[in-house]
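[1] Give me the fold of what follows.
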Amino acid sequence: MRVPSTPDELIAVQEELAALPAEPWRPAGPGPTSVGGCFVAFPAAVGTGPGRHGDPAWAAAAVVRAGRPADHAVVRGEAGAPYEAGLLFLRAGPPLLAAVQALRRRPDVLLVNATGRDHPRRAGLALHLGALLGIPTVGVTHRPLVAGGEWPEDRADATSPLTAGGEVVGCWLRTRAGARPLAVHAAWRTSPETAVAIVSRVPGPGRTPEPLRLARHLARTARSAAF
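    Predicted structure coming up:
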């Protein structure tokens, strides 16, 4: 599968991915599952706007197995484009790919700070990364992109569906009582149910699942060290 470098190329790839049949993946059983997370940080000032092509990027990937950190990697790269909704791969995809490929231990499933089926073409960055890496993926974000749904009740592990075009593409998941729920997205080879099950297996000290929390911390620490 090619790595797109222009909006037109990316849109064509997303349409292909959305229609591509993929065998559903589920955890092998109750034993330990190796869960990865990846996150990319850009200069803090960029957070106030769409950023620019060539912005420095610090991408990190972390792996948790049986509740313990098992591996991590941090890479320096650059943004391939400004941010544009629905086209996030152009900005963040290559640095994230490089970070996951730098891991010594390949995770069974990967959490990505991006959407999957919750996307105008049903193929967001989380799904795209999984297809390129050959790893099942789950998207985890603070809010949906195009999907909608009511928040679940205020108790840990409560869920409610996120739908787009009449299709359930993910779920709200409240990882702890009293906290805002996370949007958990079906992505490459994962269903909404599997996505929720995986995120629930790797709780962090806050509401963010531990592999993604670790990756975010590593990326932001690398960014801070550069200034």
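
[2] how about the helices in this structure?
    7-19, 88-101, 125-133, 192-201, 210-225 (DSSP state H).

[3] And the shortest one, what does it pack against?
    Read that as helix 125-133. Judged by 3 or more CB pairs under 8 Å, 6 or more residues apart in numbering; DSSP states H and E, helix 125-133 is in contact with helix 7-19, helix 88-101, strand 109-112, strand 137-141. Glycine gets a C-beta too; all of them are placed from N, C-alpha and C.

[4] Check the gap between Gly165 and Trp172 for me.
    Relative to Trp172, Gly165 is positioned 18 Å away (CB to CB, to the nearest Å).

[5] related to what we said a few turns ago, of the helices of the chain, which is nearest Pro69?
    Counting by CB to CB, Pro69 lies closest to helix 210-225 out of those; the figure is 6.4 Å.

[6] which one of the helices of the chain has the most crowded surroundings?
    Mean neighbour counts were compared across these using mean count of other CB atoms under 10 Å; the top stretch is helix 125-133, at a mean of 26.

[7] and the angle for it with strand 137-141?
    If you take axes from the mean of the first three to the mean of the last three CA atoms, to 10 degrees, helix 125-133 sits at 150 degrees to strand 137-141.

[8] Please save the CA atoms from helix 125-133 in CSV.
    Coordinates of each C-alpha in helix 125-133 appear next as CSV, following Å, rounded to 0.1, in the frame of the first residue of the first chain:
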residue,chain,number,x,y,z
LEU,A,125,-5.6,7.9,10.6
ALA,A,126,-5.9,5.1,13.1
LEU,A,127,-7.3,2.8,10.5
HIS,A,128,-4.7,3.9,7.9
LEU,A,129,-1.8,3.3,10.2
GLY,A,130,-3.0,-0.2,11.0
ALA,A,131,-3.3,-1.1,7.4
LEU,A,132,0.2,0.1,6.6
LEU,A,133,1.8,-1.5,9.7
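
[9] how distant is that helix from the center of its chain?
    9 Å (CA atoms, centre = their mean, to the nearest Å).

[10] which residues sit against it?
    1, 3, 13-14, 17, 20, 22, 38, 88-89, 92-93, 96-97, 100-101, 110, 112, 114-117, 119, 135-139, 185, 187-189 (CB atoms under 8 Å, 6 or more residues apart in numbering).

[11] tell me the angle of it relative to helix 88-101?
    Using the same axes, to 10 degrees, helix 125-133 lies at 50 degrees relative to helix 88-101.

[12] re the thing from before, among the helices of the chain, which is nearest Arg52?
    Nearest to Arg52 among these is helix 88-101 (9.7 Å), distances taken as CB to CB.
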